Each structure stands twice: as C-alpha cells, then as structure tokens.
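Trainee: Need a 3D model of the following:
(chains A and B)
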Amino acid sequence: MANPKRVLTPQSEDFPRWYQDVVAKAEMAENGPARGTMIIKPWGYAIWERIQAEMDARIKATGHVNAYFPMFIPTSFLQREAEHVEGFSPELAVVTHAGGEELAEPLVVRPTSETVIGDAMSRWIQGYRDLPLLLNQWANVVRWELRPRLFLRTTEFLWQEGHTAHAAWDEAQEETLKILFQVYEDVIRNVLAVPVVLGRKTDREKFAGAEVTYTLEGLMRDGKALQMGTSHNMGTNFAKAFGIQYTDAEGKVQFCNTTSWGVSTRVVGGLVMSHGDDDGLRLPPEVAPVQVVVLAVKEETIGDAERLAAELNGAGIRAKVDDRINQSFGRRAVEWELKGAPVRIEVGPRDLANGEVTVVRRDEDDKHTVALDLVATQVPELLAHIQESLLEDALRRRDEFTRDVDKGDEIDGAGFFRIPWDALGEDGEAALAERGYSVRCLVKEDGSVPAPHDDRNLVAYCAKAY
RNA sequence: CGGGAUGUAGCGCAGCUUGGUUAGCGCGCCACGUUCGGGACGUGGAGGCCCCGGGUUCAAAUCCCGGCAUCCCGACCA
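Mentor: Have a look, this model is predicted:
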C-alpha cells in the first residue's frame, strides 16, 4: 500500500494494520469519551447490523420477544447475588451524583442486566401459566476493564442479552443449549464463517452467579482464543436472590430456573481477525452489508451499472453501485477491497462493447469476464462458494493451530492445546493461569458438549485468550 | 497497581542531545491543469496554545521542576 496507516489498538503484531481505518475508530481524547470506549464508523456498524439481523431473527424464531430495561441499576440489586457482585465489582462504573445532588444510593451503569431483569421478573411471574418467560434485549453495557482492546474488549459495548425464566431445571438447561446451538453456533459458523469450539466453562471461568456456563471459543490467526459468546444456566441462584417464584399446578410456591446468554460487538473483532488479510477485510457474503459492488468505470457506464445492480437486487443479492467517477478507478477498487465486499463487478466501456462485465473475487485472486445476461444467475453461486471457502480456510488454520498434549507443562506457544481434564485438573488450571494460559472450555472425548456436572473423560481446550 | 515508552497540523512523524531565521516532512484536504480499467502527476494554497502549569535565560518545542493524558508488557475480563 502506498500510504499504510498505523493501527492504534489493539497492538498485537498480527492484527491487520488497516483494521482501525476500515472498521472502527477509538477516540480517547483528553476531554473526549471515557477511556476504552469506541466510535464505530458506518461500515463497521453496518456489519454489526447484519449480525444483529441474523441473530435477532433466530432468537425470535425460538419464541423470544425483545424488551428494554434501565441502564442504571441500584447498587443494592447487584449485592443480592453474592458471586455476581463479587465478579463484577471491580469493573463497575458508578453514578454517585445526579440532578445536582448526591444520590442516597449510588447507581451502577449496567455491566449486564440479570439483576434489573430479575427484579422485573419477580413481579411479572406469578403462576406456572406465566412460564416460560423468554426475553431478549439489545443494549449497550459498561465494564471498566483495565486494558481495553478495540472491539475485543471495550469499556462500553453493544450486545444482545437474553434472559429467561422456566419452571423446571431441565427446561432451563434445554434453553441454554438451544441458544448455544440454534442461535449462536448457527450465526457464528454459518453467517460469520468463523469455526468455534463449543464447550462448558470450568468453575474458575464460569459466569459470576451461574450454575453452568457454555461457551463458543474461536481461534484468531495469531493463535489466541476469543470467547465469541456464552450461554448460562443459573439454576435457581438468581431466582432465590430476586424472589422469582411461581405457584405450580399443585398450588405450591416454587423458585424459577433462569438462564442468560449474550453475544457482543466483540464478534466483529473476531470476524476481522478470522478472515482479514494483508489487503484488508474479507467478508463472508452472508454477513457482508454489500455483497456485490457494481463499479461504474466511466460516467457513460453508470446507467448499465445501475441496471445490473437492480437486476442483482431482484435476485435477492445485496448489490450497490459505486458511481463515484470523480475518484480514480484504482482508489475505489482498493477501498472496496479494504472494506471486504466479497464480489466486485467492473462495468466499463470495453466490457460493455463485448456484452460482458468483469467479475472480481475478494477472497482470492480471480478476475474474469462474464456475459452480461449470465451475471444474475452466476453470482449467487459464486457467493455461496466464497462463503464455503472462507469457512474452510479458517477451519484449516484453526486445525493447524490445535495440538494434543498429555501434561500441562507441555502447553507452550500459540494455538489450542487439547489435554485430558483428568490430567490437568483445577490445580493444573491454576498453574496454567500463572503462565497466561486458561482453560477455554471442556468438551467430551467425542467433541460434544458435556452435561453440567458430568466430569468424566473430558478434554480441556487451553490457550492464551483475548 | 508494578515495568517500559510517548505527547509537535485531521493522521503518521522529524526537530530536542549542543536553546537562536518565519517550526519542518509524508499522507490527507482545497483550487487549477494534465491524467484516470488498479491507491496518478505538476503548480499553487489552507491548516500549529509544539499536552498543561511553573522556573532558568536576552531568547525555550528544545534545559529544570511539578502535573495531566495516552500507548505498550503484566494482573482483571464478553
């Protein structure tokens, strides 16, 4: 590149240098926004909106409804669940003054909403006919982390948080896994084309206040793991703390079993780090805000470009015309490469004279001409092929970075290390933590997800993590 | 909170050691011209509380003292 730009954060060596310019900008000026907060530029937000749309559709398909709860939470709410308050205390932003006066009880800016929603649930739920209560919220939350990293760990971030209440423990467990597989794995793997290992968190790593936490762990191209989403079964822990009770069919008062689960803007970082190359982002077509950019090479070809884009839109493709002929062809071509549009179609006078256009793939070096009347039928196949090929690429990289070891002290370097959980154990886990490694998750020998308290024959995935 | 570094134009930086013209360079931005199917070139132009506050000096971006902020490596974490 003629004018490479410096990436301010994160500073990881392998992090794409173009990241900040294309996707986001973190402004941490002296008198500006709070440290570690980020400003997401429109293209980055468009990617997030695509993820939102895919996620939201699946969440609703499993019967949940969206709601919105307060951003400010009374401090006393957090204190009701002992583990929860202990887990989050260090990273809370607290409001002590409002309306020009000191508040009688400080308010916490939500780090997550189990407590406010739990409080609401305790009033909304009376009898078993009110169950299950399936809620989801799209919101921003604040966690005052010590070391923010662009997208991966920011002080304020956007996410989706689901909160449900059920009569029976089994139902809560079923819900926890349903979200893990039908919503999270489906979107992350099939839309974002990011391979993930699904497993159970160790007690050390589980959510503060949960009975069991399930996770989806991705591996970035620098060999560090990234937790892409979590789903928790709280059992009756929060129900007891917030008085979420119902009267069952026999007339007995029972505690509910609750769940919560979330995926944040962190996945945008994971997407970038999974598929980006030296020339910029490579977006899987399913998530790309613009799947096909139709680039009008000259002013006189704008009309044809627009007709082609309309035809593609008609075929259900997200196509956009780039008619900025006041900017050079090369500049525009490079810009779309940086942004990661999966397919670029160049419409120029020479192409049109031959009744064709030039079709360029972003994911690999391929540029060929296609007859104008075949474009609308060929492009959907091409997009599907690119989607598949990006996932295969990422899978291959992930597998190359995964090794089996027998002992904890053999764990050294980048990538995933698989080790029998019996051989490692909680002492081994603590020893690894000293060296900067963590157990990302536990899986069964056949790779499936273990039941909550089943500790037999598990394999621990260990890695350094973001 | 430990260890290391840095604050100079929108962005990236040089200048500081050894104080001294009007504080410079690249990118970006604006105008005109030539280009323009792979980040064009030429000419001209706009844009600076040199982080803040003190001090030393005839003179401070530069030296001294004190703040503040940010970044990197740890601890903590979606």
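
Trainee: What ranges in chain A fall below the confidence cut-off?
Mentor: Counting by pLDDT under 70, the low-confidence segments of chain A come to A:1-35.

Trainee: Can you tell me which residues in the stretch 51-200 of chain A are near RNA strand B?
Mentor: Residues of the stretch 51-200 of chain A lying close to RNA strand B by Cβ under 7 Å from any atom of the strand are A:87, A:90-91, A:143, A:145-149, A:152-155, A:157, A:159. All C-beta spots, glycine's among them, are computed from the backbone N, C-alpha and C.

Trainee: which residues of the stretch 151-300 of chain A fall in strands?
Mentor: Counting by DSSP state E, counting those that start in this stretch, the stretch 151-300 of chain A has strands at residues A:156-166, A:197-200, A:212-219, A:225-235, A:245-247, A:253-255, A:257-264, A:292-296.

Trainee: and the fourth one, what other elements does it pack with?
Mentor: Contact analysis of strand A:225-235 by 3 or more Cβ pairs under 8 Å, 6 or more residues apart in numbering; DSSP states H and E lists helix A:169-178, strand A:212-219, strand A:257-264, helix A:266-275 as its packing neighbours.

Trainee: Of those, which is nearest A:Tyr68?
Mentor: Nearest to A:Tyr68 among those is strand A:257-264 (15.1 Å), distances taken as Cβ to Cβ.

Trainee: Which other helices and strands does that closest one contact?
Mentor: Against strand A:257-264 (3+ Cβ pairs under 8 Å, 6+ apart) you get helix A:114-124, strand A:156-166, helix A:169-178, strand A:225-235, helix A:237-242.

Trainee: so does it get close to RNA strand B?
Mentor: Yes: using Cβ under 7 Å from any atom of the strand, strand A:257-264 reaches RNA strand B at A:Gly262, A:Ser264.

Trainee: Just want the angle from that strand to strand A:225-235.
Mentor: Inter-element angle recorded for strand A:257-264 and strand A:225-235: 160 degrees (by axes from the mean of the first three to the mean of the last three Cα atoms, to 10 degrees).

Trainee: quick one, what contacts A:Gln227?
Mentor: By Cβ atoms under 8 Å, 6 or more residues apart in numbering, A:Gln227 lies in contact with A:Thr215, A:Leu216, A:Glu217, A:Gly218, A:Arg266, A:Arg440, A:Ala465, A:Tyr466.

Trainee: Out of those residues, which are close to RNA strand B?
Mentor: The overlap between the contacts of A:Gln227 and the neighbours of RNA strand B (Cβ under 7 Å from any atom of the strand) comes to A:Arg266, A:Ala465, A:Tyr466.

Trainee: out of these, which is most surrounded?
Mentor: For the ones next to RNA strand B among the contacts of A:Gln227, the largest number of neighbours (other Cβ atoms under 10 Å) sits with A:Arg266, at 23 neighbours.

Trainee: Would you agree that one is in contact with A:Met220?
Mentor: No: using Cβ atoms under 8 Å as the test, A:Arg266 is too far from A:Met220 to be in contact (11.4 Å).

Trainee: Overlap in contacts, these two.
Mentor: The contact lists of A:Arg266 and A:Met220 share A:Leu226, where a contact means Cβ under 8 Å, 6+ apart.

Trainee: Not counting sequence-adjacent ones, nearest residue to the spatially most central residue of chain A?
Mentor: Closest residue to the average C-alpha location of chain A: A:Val267 at 2.6 Å, with Cα atoms, centre = their mean. Leaving out its chain neighbours, the residue that sits closest to A:Val267 by Cβ to Cβ, 6 or more residues apart in numbering is A:Met228, at 5.5 Å.

Trainee: how far away is that neighbour from RNA strand B?
Mentor: Look at A:Met228 and RNA strand B: by Cβ to the nearest atom of the strand, to the nearest Å, they are 7 Å apart.

Trainee: if I pick that residue, what's in contact with it?
Mentor: A:Tyr184, A:Ile188, A:Val194, A:Val196, A:Leu216, A:Glu217, A:Gly218, A:Val263, A:Arg266, A:Val267, A:Gly270.
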